[in-house]
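Peer 1: Any chance you can model this:
(4 chains)
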2 protein chains.
Amino acid sequence: MRTAVAERILDIAERLAQTRGFNGFSYADIAEELSVTKASLHYHFPSKSELGRALLVRYQLVFGRALEAIDAEAGTAVEKLQRYIALYDSVMRDDRMCLCGMFAAEYATLPEPMQEELRHFFDANEQWLTRVIGEGKRTGELSLWDSSEERARLFLGALEGAMLVARSYKDDRRFRRAAEHLLADLQTASRSPTLRRKARATRSRHRT
Amino acid sequence: MRTAVAERILDIAERLAQTRGFNGFSYADIAEELSVTKASLHYHFPSKSELGRALLVRYQLVFGRALEAIDAEAGTAVEKLQRYIALYDSVMRDDRMCLCGMFAAEYATLPEPMQEELRHFFDANEQWLTRVIGEGKRTGELSLWDSSEERARLFLGALEGAMLVARSYKDDRRFRRAAEHLLADLQTASRSPTLRRKARATRSRHRT
DNA sequence: GTCTATAGGTGGATAGAC
DNA sequence: GTCTATCCACCTATAGAC
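Peer 2: Residues are numbered from 1 along each chain as shown, chains lettered A, B, ... in the order given. The predicted structure is shown next:
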């Protein structure tokens, strides 16, 4: 179990990381906001690398619990995806970027342990989305011409990208619209014969 | 007209910015690669802020010319979008992130002149995409249930996000697949009555 | 234009008193 | 656990010789 001070440090560091990036804040920033010295912070998190890893581990834990709550409470696949989008939306409304989207941009500069945790986050999200989209496919709520996994990857990437761009305009409606349209596409992605031909063509291209 | 040395500095800075971010490289990095001293760099670009702005201005110029070339050479809207995607794909194959996607992540830490140039880049891209998608709509190549502008924003954001995530896996096929599926959605986004109802609902929600 | 030298600041991190 | 004091590496930027 982590101390209350450590949690406060993580809270502040998380917000700074989500707004300015991992390379965009320092121990001095946290220290000032918490009204302690930099040295005190090093007692709780000896290195910034360890602080960053702790941020990612906690973020995944919270995110994972949120996904479990969605599974427990939401009925249909569409409802689940709507609540998944709402998770991202609440981050945007707080003028933040998804922590992992932010770290993905800085990937090349991150210590290896953080890179590993980051991939783990994306893997877990893709797996959850793949499952939910697969459920929706089976129940007939969603109609895709491609695989649930491909669709999950597109979905995740598109949400991250929509956040990224919307932040430059400080316009969270931009994000919400993109998210809604993305979900609408899933619910309707064409059943036309033309489309099915394309799907076959795309799939065969990927096999090569 | 800019000197050859200034161009080389921009080339190196651009690659560093696209891989490590604007806050992820220093004058020392460029100096070492160019085998000159840091002081020499300041002769060409007095401050890092000005260097960053020069990067964005040149990037937009090159990108803008590429879009003009697409307009001149490509026939159909689908061909244009394919070539637009190819622009991003060539960046990915070089293990880079779109410069502007990268800067978008660091937005909060950028000097104001760079923030302005960044929004300008996204605006120009959205306008071009809006026009091309609108063309495809009129010719019947594309079938969307929402506006060309909304679709353009989703398209741009989704490409940026797909790049962002794919880079964490050093897997450019990930990006290509997402891009292909995104385009396929555009070519087919459902004509079903169910969809049209949804479109009306979405539009009315946005009016409020 | 490029160099040496350096200023002035901030980064992460540690030692040791309390 | 938190502090003061300090280290050293690195950052952007400038002065002035060549």
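Peer 1: Could I get the full set of helices for chain A?
Peer 2: A:4-20, A:27-34, A:38-44, A:48-73, A:77-93, A:99-105, A:112-139, A:148-168, A:172-188, A:193-207 (DSSP state H).
Peer 1: DNA strand D is nearest to which of the ones you listed?
Peer 2: helix A:38-44 (3.1 Å; C-beta to the nearest atom of the strand). C-betas here are computed from N, CA, C, even on glycine.
Peer 1: buried residues in that closest one?
Peer 2: By neighbour count on 16 or more other C-beta atoms under 10 Å in any protein chain shown, the buried set for helix A:38-44 is A:41, A:44.
Peer 1: tell me, how many neighbours does residue A:148 end up with?
Peer 2: Burial of residue A:148 is recorded as 21 neighbouring residues (other C-beta atoms under 10 Å in any protein chain shown).
Peer 1: The one 10 residues further on too?
Peer 2: Taking other C-beta under 10 Å as the neighbour definition, residue A:158 ends up with a count of 26.
Peer 1: Could you double-check that it lies in contact with residue B:162?
Peer 2: Yes: in this structure, residue A:158 is within contact of residue B:162 by C-beta atoms under 8 Å, at 7.3 Å.
Peer 1: Pull up the overlap in contacts between those two.
Peer 2: B:178, B:182 (C-beta atoms under 8 Å, 6 or more residues apart in numbering or on different chains).
Peer 1: Tell me how far residue A:110 lies from chain B.
Peer 2: 10 Å (C-beta to the nearest C-beta, to the nearest Å).
Peer 1: Any figure for the gap between that residue and residue A:48?
Peer 2: Residue A:110 is 11 Å from residue A:48, where distance means C-beta to C-beta, to the nearest Å.
Peer 1: ok, those two, which is more surrounded?
Peer 2: More neighbours surround residue A:110 than the other of residue A:110 and residue A:48, with 22 against 18 (other C-beta under 10 Å).
Peer 1: Stretch A:13-30 close to DNA strand D?
Peer 2: No: on the criterion C-beta under 7 Å from any atom of the strand, stretch A:13-30 is out of touch with DNA strand D, staying 10.1 Å away.
Peer 1: How about that stretch and DNA strand C, any contact?
Peer 2: Yes: shown here: stretch A:13-30 in contact with DNA strand C (C-beta under 7 Å from any atom of the strand) through A:25, A:26, A:27, A:28, A:29.
Peer 1: wait, the third one sits on residue A:48?
Peer 2: Yes: proximity of residue A:27 to residue A:48 meets the contact threshold set by C-beta under 8 Å, at 7.0 Å.
Peer 1: how about the residues of chain A near DNA strand D?
Peer 2: Checking chain A against DNA strand D by C-beta under 7 Å from any atom of the strand, the hits are A:3, A:5, A:35, A:36, A:37, A:38, A:39, A:40, A:43, A:44.
Peer 1: Show me where chain A dips below the pLDDT cut-off.
Peer 2: By pLDDT under 70, the weakly predicted segments of chain A are A:188-208.
Peer 1: Residues of it that sit close to DNA strand C?
Peer 2: A:25, A:26, A:27, A:28, A:29, A:38, A:39, A:42, A:46, A:47, A:48, A:49.
Peer 1: now, which of those residues sits nearest residue B:66?
Peer 2: Taking C-beta to C-beta as the measure, residue B:66 sits nearest to residue A:25 out of these, at 35.5 Å.
Peer 1: can you count the residues close to the closest one?
Peer 2: By other C-beta under 10 Å, the residues close to residue A:25 number 19.
Peer 1: Tell me who's in contact with it.
Peer 2: A:13, A:16, A:17 are the contacts of residue A:25 under C-beta under 8 Å, 6+ apart.
Peer 1: Same list, these, but as a markdown table with distance to chain B and neighbour count please.
Peer 2: A markdown table is the format used below for these (distance: C-beta to the nearest C-beta, whole Å; neighbours: other C-beta atoms under 10 Å in any protein chain shown):
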| residue | distance to chain B | neighbour count |
| --- | --- | --- |
| A:13 | 15 | 24 |
| A:16 | 10 | 20 |
| A:17 | 11 | 25 |
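Peer 1: Make JSON lines from those residues and add distance to residue B:71 to it.
Peer 2: Formatted as JSON lines, those follow (distance: C-beta to C-beta, whole Å):
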{"residue": "A:13", "distance to residue B:71": "46"}
{"residue": "A:16", "distance to residue B:71": "43"}
{"residue": "A:17", "distance to residue B:71": "41"}
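Peer 1: from the residues of stretch A:13-30 next to DNA strand C, which would you call buried?
Peer 2: Members of the residues of stretch A:13-30 next to DNA strand C classed as buried by 16+ other C-beta under 10 Å are A:25, A:27.
Peer 1: Kindly indicate which of the residues of stretch A:13-30 next to DNA strand C lies nearest residue A:182.
Peer 2: The closest of the residues of stretch A:13-30 next to DNA strand C to residue A:182 turns out to be residue A:25 (C-beta to C-beta; 30.8 Å).
Peer 1: Compute the distance between the spatially closest residue to residue A:101 that is not a sequence neighbour and residue A:172, please.
Peer 2: The shortest distance from residue A:101 to any non-neighbouring residue, by C-beta to C-beta, 6 or more residues apart in numbering or on different chains, is to residue A:160 (4.1 Å). Residue A:160 is 15 Å from residue A:172, where distance means C-beta to C-beta.
Peer 1: These two: which is more packed in?
Peer 2: Using other C-beta under 10 Å as the criterion, residue A:160 and residue A:172 rank with residue A:160 on top: 27 against 18.
Peer 1: State the distance from residue A:98 to residue A:6.
Peer 2: 23 Å.
Peer 1: before we move on, what about residue A:40?
Peer 2: The value you get for residue A:40 to residue A:6, if C-beta to C-beta is used, is 11 Å.
Peer 1: Equivalent analysis for residue A:15, please.
Peer 2: Look at residue A:15 and residue A:6: by C-beta to C-beta, they are 15 Å apart.
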